[in-house]
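Enquirer: Provide a 3D model corresponding to the input given below.
(2 chains)
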Amino acid sequence: MKVLMLGWEFPPRIAGGLAVACYGLVRGLVYHGIKVTFVMPLRTGEEPPNGYRLLGANEIDIPFTQTVSLPTFWHQVTFYGVRTVLGPYLEQLAVPELRFEAVPEPVTLSSEGKLRLEFSGKYGADLLNEVYRYAYAVSHLADQEEFDVIHAHDWLTYLGGLWLKEKTGKPLVVHVHATEYDRSGENPNPQVRAIEQMGMEGADLVIAVSFYTRSVVIEKYGIPPEKIWAIHNAVLPKDRQPIERPPSNRKVVTFLGRVTYQKGPEYFVEAAARLAPYVPEAHFVMAGTGDLLRGIIQRVAQLRLGARFSFTGFLPPAEVERLFDLSDVYVMPSVSEPFGISALEALRAGVPVIISRQSGVAEVLSHALIVDFWDVEGLADLIYGVLRYKGIRPFFVRHAQAQLSQLQWERASARVIEAYRSLGL
Amino acid sequence: MKHICLYFQVHQPFRLRIYRFFDIGVSQEYYHDLNNRVLLQRIARKCYLPMNALLKRLIDKWGKDKFSVAFAISGTAIEQMQLYAPDVLESFQDLVQSGGVELIGETYPHSLACLKSKREFERQVKQHTELMTSLFGQRPRIFRNTELIYYDEVARWVSEMGFEAALAEGADTLLGWRSPNYLYESAVAPLKLLLRNYRLSDDVAFRFSNREWSEWPLTAEKYARWIADIPADQQLINLFMDYETFGEHQWAETGIFEFFERWVDLILTEKIGVFVTPAEVLKHHQPKAKLSVPMPLSWADTERDLTAWLGNELQMDAFETLYALENEVWSIQDDHIQRDWLRLQTSDHFYYMCTKFFSDGDVHKYFNPYNSPYEAYVTYMNVLADFRERVRRYASEAIVAGGETV
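Expert: Numbering: from 1, shown residues only, chains lettered A, B, ... in the order given. So this is what the prediction gives:
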């Protein structure tokens, strides 16, 4: 079986859990003998070559034509397009017959004189623009690649998946790692939400990373439950030794993730504020960046906790592992977390994990410490318990190993293959 | 004629309130008064009062020679009745007055003290004996440890204290091929043993309303027949269960009360057997064999051991931290310290920290005020930290005071 996988991130290009999950899944599928071509916006050339193929959308040849025939669903996209900075571009693309001059800029000509699109691969201001161009580029794989199933990760690649499905008639699986409701709460970006809706409706099968996310897909998007499989993420085995901690009685309490509404960083700060006077040895690390960071730093200053906090900014994977080695407890107070793969990474490092009840990963970690994200005092109390009472850590570490052994990508991938098979493949 | 020995456990713990680390040293309000009140009053309404009335009716109808039962009522349960539902205590007193009830001895706070301290254990048993004697005018002669925890050392201790017999679990690991339907005795002390017939007891206590069970629905006729069908030489049937089985674990809507009444009537009208108390069992039966129990047995879960209370690091740490205070507490004459010391020893606090989620988790969730064992542990440890501060303060004052008199 050959899978054409569409994704936005892949190691070493990592912004969050998406890349880690895609990597684990691809490795798991290869383990089961599935052939995978993974198409990301642009390939950096450093990706680990492990029995699968990586392709950048910037490497796909686009034929010179005066017109582009758009897929039938395209008009639905443009309906929402007019309100953004990308509006003019979309209006041009919206006409049924597209003049060549309107093919999304920028383009390059390869040495053989072939046309190719350029991508930044980042989550920048022109993200929607890239999303549309990515879709246009990958649609050309319909007659350049051989595959049995299209597997698209998150809304960024759904349009490409739909376009390919329309051209080839091959089944489309969309994989929901997060929804716009997780990212933005009850005020979803209408364009993103519309693309999600089209992708989930147009797909033959939807994979959700947790039962929690599956219920969101049912309730918020009205997708029939029988079409949605919940398949939990997993974690790759640890391949390195932990670093030595410097001798210190400092206790490190860690938050790691995008500093955005979804991740609940303000609850971490409020819990820290309650804890700080009672546990003078506690030090708080906030690793990650995002639109709330400025406000968070202001709040920390206002609480006069600046000396107790470290803000590291975004950390690459190796630094994340180092941070876990130095942490006494990992806190993930997400307001809405489809899965939360970093909790598994902390677990792998033997760090007690406190996660919000609003996290998909809570479904697979029966021994995690769980608290409602808004329950700041409950959260502070659990942190206190981990730092001050000696029963939790040995108990947690003992069970962590048992649970991790259940959470292998080989198993998760086997379920994904089962999902493919249910489509008659 | 079978001798059916019905024994019911009545116990309520003082559940802790949400007690945060910032309450340590600030608040000495440890207990969730509202929860404890609401729960006790609910159980009283659903179980204690209607079941007491039913038992009273049966004793009056058949006479205590044919129908009598045994109770062990923990000191903390009595305290809660006094605080929240005095009519329930009166109802038990009335029932005991009828003459058809034998009271069984135990540790005052339904504790695990036997595992840590002989003197603490003995003090709690004496305290409970005094409570029973003063409230009910009856001095217990038979002993039953918390959750039927039993082993040789406890046999020696309670026999020295004058108890004639103990109740224990008829566990397969103890009996092997032997039947629980005889009287036994301890191999290490002059103490008779009544062993719970766990299959027949749990048919009612756990399985009565379980529709997945192949024997559902359990009718009074069927249950009476099972007892009648027990071989004639096995004369003693010990049915031991939580009193809350009636009306609380098995709701009134399941027909548990009607079942029980009809079953008692059937047993007696068809002369299958009579209902006797443990003390009467000792009069009529001779021990079949001596049993040695070196390791603790209990009636809990499938393992029948102590792992429900002391099976993980959370429980062990809490337990060790608590009993590390014993010497200091013994040196303090303060009613509040002594009260909290007892209440914090109640086994339920440790049960809430149990992490056997999968096999027996459902039972553990019952009446459990916590979302997770961690919450139970952290809350208990917070309370214990405050209690320890108070104990230390008193203990150091006592030393200072002692120093001045010298």
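
Enquirer: separation between the one residue in the stretch 201-350 of chain B that gets nearest to chain A and residue A:166?
Expert: Proximity of the stretch 201-350 of chain B to chain A (CB to the nearest CB) peaks at residue B:317, 3.4 Å away. Placement of C-beta: from N, CA and C, glycine included. Applying CB to CB, to the nearest Å, the value for residue B:317 to residue A:166 is 61 Å.

Enquirer: The residue of the stretch 1-150 of chain A found nearest chain B: neighbouring residues, count only.
Expert: Using CB to the nearest CB, the single residue of the stretch 1-150 of chain A nearest to chain B is residue A:17, 24.2 Å away. For residue A:17, the count of nearby residues is 25 (other CB atoms under 10 Å in any protein chain shown).

Enquirer: now it, nearest residue through space, not along the chain?
Expert: In space, and not counting its chain neighbours, residue A:17 is closest to residue A:341: 4.0 Å by CB to CB, 6 or more residues apart in numbering or on different chains.

Enquirer: Could you pull up the contacting residues of the one you found?
Expert: Residue A:341 makes contacts with A:17, A:20-21, A:233, A:235, A:361, as judged by CB atoms under 8 Å, 6 or more residues apart in numbering or on different chains.

Enquirer: ok, now residue B:296?
Expert: B:115, B:149-151, B:305-306.

Enquirer: if you set the cut-off to 7 Å instead, what comes out?
Expert: B:149, B:151, B:305-306 (CB atoms under 7 Å, 6 or more residues apart in numbering or on different chains).

Enquirer: looking at those residues, which has the most residues close by?
Expert: When neighbours are taken as other CB under 10 Å, the top entry among those is residue B:149 (23 neighbours).

Enquirer: surely that residue meets residue B:295?
Expert: No: counting by CB atoms under 7 Å, residue B:149 does not reach residue B:295; the two are 10.8 Å apart.

Enquirer: re earlier: over to the residue of the stretch 201-350 of chain B closest to chain A. Which of the three states is it?
Expert: helix (DSSP: H, G, I helix; E, B strand; the rest coil).

Enquirer: Mind naming the longest helix for chain B?
Expert: In chain B, taking DSSP state H as the definition, the longest helix is helix B:373-405.

Enquirer: Name the residue of the stretch 201-350 of chain A that lies nearest to chain B.
Expert: For the stretch 201-350 of chain A, CB to the nearest CB, closest residue to chain B: residue A:278, 5.7 Å.

Enquirer: pretty sure that residue contacts residue B:22?
Expert: Yes: between residue A:278 and residue B:22 there is a contact under CB under 7 Å: 6.2 Å.

Enquirer: contacting residues around the residue of the stretch 201-350 of chain A closest to chain B?
Expert: Contacts of residue A:278 by CB under 7 Å, 6+ apart are A:384, B:21-22.

Enquirer: repeat for residue B:73
Expert: Going by CB under 7 Å, 6+ apart, residue B:73 touches B:10, B:92.

Enquirer: Now with 10 Å, please.
Expert: Residues near residue B:73 by CB atoms under 10 Å, 6 or more residues apart in numbering or on different chains: B:8-12, B:81, B:89, B:92, B:96, B:103-104, B:106, B:110, B:128, B:131-132, B:135-136, B:243.

Enquirer: Ok, residue B:74 next?
Expert: Listed by CB under 10 Å, 6+ apart, the contact set of residue B:74 reads B:9-13, B:80, B:106-111, B:128, B:131, B:146, B:346-347.

Enquirer: can you rerun that using 8 Å?
Expert: Here residue B:74 is in contact with B:10-12, B:106-110, B:128 (CB under 8 Å, 6+ apart).
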